[in-house]
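**Q** need the 3D shape of this:
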Amino acid sequence: MNRVSGWIIPTLLLILYACGPDQAAQLLETAQFEERQANNAHARELYEEILRHYPDSPAAKIARTRLAELVPKP
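**A** Next up is the predicted model:
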């Protein structure tokens, strides 16, 4: 149950924010939420999506920094 609720909230946030004017910022907010929930794999996916779709946005600068810090260490 806890695992399911961990995906429901971010998914709903993405759906709600998809209609907003600044999708890069909204994706960034969701990625940061995922980090706070210790879901680093999903946060990385969202940061990568920001870089793919919005490479010149202010959110991309933050996404690059966060991705560098989330790289798994050997």
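
**Q** what's the closest non-adjacent residue to the residue positioned nearest the centre of the chain?
**A** Centrality entry for the chain: nearest residue to the mean C-alpha point is A31, 2.2 Å, by C-alpha atoms, centre = their mean. Excluding the flanking residues, the one nearest A31 by C-beta to C-beta, 6 or more residues apart in numbering is L46, at 3.7 Å. In this view, the C-beta of every residue, glycine as well, is placed from N, C-alpha and C.

**Q** quick one, what contacts the residue nearest to the centre of the chain?
**A** H42, A43, L46, Y47, I50, A63, R66 (C-beta atoms under 8 Å, 6 or more residues apart in numbering).

**Q** the residue nearest to A31: which element?
**A** Per DSSP states H and E: L46 is located in helix 40-53.

**Q** wouldn't L51 be in contact with A63 here?
**A** Yes - with contact defined as C-beta atoms under 8 Å, L51 counts as touching A63 (5.5 Å).

**Q** more neighbours, those two?
**A** Set L51 next to A63 and count neighbours by other C-beta atoms under 10 Å: A63 wins out with 27 against 17.

**Q** touching, E35 and A43? I think so.
**A** Yes - counting by C-beta under 8 Å, E35 does reach A43; the two are 4.6 Å apart.
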